[in-house]
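S.K.: test case, fold it:
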Amino acid sequence: MILDKLAAHARERVASAKARVPFEEIRTQAEALPRGDFRFEKALAGKETAFICEIKKASPSKGVIDPQFDYIGAAGQYEEAGADCISVLTEPKWFLGSDDIFRAIRLSVDLPMIRKDFTVDAYQIYQSKVMGADAVLLITALLDGQTLEAYLAICDTLGLSALVETHDEAEMKMAAKAGARLIGVNNRNLKDFSVDLDNAARLRAGMPTNALFVAESGVSCPADAARLRRTGADAILVGEYLMRATDKQAALYALREAVR
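M.R.: Okay, here's the model as predicted:
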């Protein structure tokens, strides 16, 4: 299963990172920085439909999505077109991302940014804070309830938002019980990478009333965004559709028009 492989490789990467910068050192660095103000989730709140625009070169299911991969240019176009937040894949093996790409984009835009990776160790949360992230991704399929609560507590201490990703009813209950304020429903099954846009609608009923609802993945055209809007999504995360677009500003404008 690809998710197991992604998690195993993430653990290898964490071990290598710890060999370079030990856990206590990265934690000290993160805690020495000014506490964040949760601006990622604030940017998504109170909007008719907010957009989290993603930057990724490749994916396990589609291979290379954007061979040119002008990630600085893409981030600039997103910002110009009124994106609410930016998501950056940092997983290097299957998504061809990197921490350096994240850092470069962080220096080029002012928008809130989420470091999108496969969080399997608290180290990665502190590391994300040091990299300048405003939010991290916590995938419930990779964590148990106790670990999820512990990771959310670390995020709160640092002032980071946490997008807690779910795929089914059991994971939605786990996210709600842990007190997640920002819950994503991934329409892509991470076990086989099939896409089902109805997944967001199915899980919507289990959403806590005080949490923001993010519909993730599967948008291939403006009509898909409109469909997700009708499920009650507070925000929509869009990756491949925008990365394949030659004119990313025009593509985002079309999405925003579709959800009006």
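S.K.: count the residues that sit near residue 98.
M.R.: 16 (other C-beta atoms under 10 Å). Heads up, the C-betas are built off the backbone N, CA and C, glycines and all.
S.K.: helices and strands of the chain: which one bottoms out on pLDDT?
M.R.: helix 198-204 (a mean of 90; mean pLDDT, DSSP states H and E).
S.K.: tell me which other helices or strands that helix touches.
M.R.: In terms of contacts (3 or more C-beta pairs under 8 Å, 6 or more residues apart in numbering; DSSP states H and E), helix 198-204 is packed against helix 169-178, strand 182-186.
S.K.: got a list of contacts for it?
M.R.: Contact with helix 198-204 is made by 166-169, 172, 185-187, 213, 215, 228, 231-233, as judged by C-beta atoms under 8 Å, 6 or more residues apart in numbering.
S.K.: go with 7 Å
M.R.: Residues from elsewhere that reach helix 198-204, judged by C-beta atoms under 7 Å, 6 or more residues apart in numbering: 166, 169, 172, 185, 187, 213, 215, 228, 231-233.
S.K.: out of everything not next to it in sequence, what's closest to residue 102?
M.R.: What sits nearest to residue 102 in space, not counting adjacent residues and going by C-beta to C-beta, 6 or more residues apart in numbering, is residue 88, at 4.7 Å.
S.K.: confirm for me that residue 10 is in contact with residue 118.
M.R.: Yes - if you go by C-beta atoms under 7 Å, residue 10 and residue 118 touch, sitting 4.2 Å apart.
S.K.: work out the gap between the least confident helix or strand of the chain and the centre of the chain.
M.R.: 18 Å (C-alpha atoms, centre = their mean, to the nearest Å).
S.K.: tell me which residues of that helix are tucked away?
M.R.: Buried residues in helix 198-204, defined by neighbour count with 16 or more other C-beta atoms under 10 Å: 199-201, 203.
S.K.: next SSE after it?
M.R.: Next helix or strand after helix 198-204 toward the C-terminus (DSSP states H and E): strand 212-216.
S.K.: with just CA atoms, put that following strand into CSV.
M.R.: Extracted C-alpha coordinates of strand 212-216, given in CSV (Å, rounded to 0.1, in the frame of the first residue of the first chain):
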residue,chain,number,x,y,z
LEU,A,212,-13.6,24.3,9.5
PHE,A,213,-14.3,21.8,6.8
VAL,A,214,-11.7,21.4,4.0
ALA,A,215,-12.5,19.3,0.9
GLU,A,216,-9.2,17.9,-0.5
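S.K.: return the list of strands paired to that strand, each annotated with direction.
M.R.: Each strand that pairs with strand 212-216, with its direction, by DSSP bridges: strand 182-186 (parallel), strand 235-238 (parallel).
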